[in-house]
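In: Return atomic coordinates for the entry below.
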Amino acid sequence: QVQLVESGGGLVQPGGSLRLSCVASGFASRYVAIGWFRQAPGKEREGVSCISGRGDIRYYADSVKGRFSISRDNAKNTVDLQMNSLKPEDTATYYCATTSRCGGESVVAGTYWGQGTQVTVSS
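Out: Numbers count the residues shown, from 1 in each chain. Take a look at the predicted model:
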């Protein structure tokens, strides 16, 4: 069956870095745009970034532009999110998901989601 499994979350100090990884299985992920979303307690879910199946289209929310970088390795069915210069406001549960729209001004989640990985930025 379709699975998306995230890893790489943790506790990091402000200014630090983390690399999240999403491993896809059960479908031909290389044809599918994958996105990263996050949700903090009491806040709406936010589309953080996405990458097209071929990796030629990337989207970043304004809140992370210049600090986060998304990449994928279709040979390994992975999509990574490199997060640098982390801020306390980046604290959230991060999810990878298939997308129905990736690029332009937004990312829209599709059908399949991972279970999430917690990122906490605190001193």
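
In: if you average pLDDT over the longest strand along the chain, what comes out?
Out: As assigned by DSSP state E, the longest strand anywhere in the chain is strand 92-103. Strand 92-103 shows a mean pLDDT of 95.

In: Please apply the same query to stretch 44-51.
Out: So the average pLDDT for stretch 44-51 ends up being 96.

In: can you tell me the helix or strand for the residue positioned nearest the centre of the chain?
Out: The residue lying closest to the centre of the chain (CA atoms, centre = their mean) is residue 36, at 2.3 Å. Using DSSP states H and E, residue 36 sits in strand 34-39.

In: any idea of the angle the longest strand of the chain forms with strand 34-39?
Out: Here strand 92-103 runs at an angle of 140 degrees relative to strand 34-39 (axes from the mean of the first three to the mean of the last three CA atoms, to 10 degrees).

In: and the nearest residue to residue 27 once chain neighbours are set aside, how many neighbours does it have?
Out: Nearest residue to residue 27, sequence neighbours excluded (CB to CB, 6 or more residues apart in numbering): residue 2, at 5.1 Å. Just so you know, the C-beta spots here come from the backbone N, C-alpha and C atoms, and that holds for glycine as well. Per other CB atoms under 10 Å, the neighbour tally for residue 2 reads 13.
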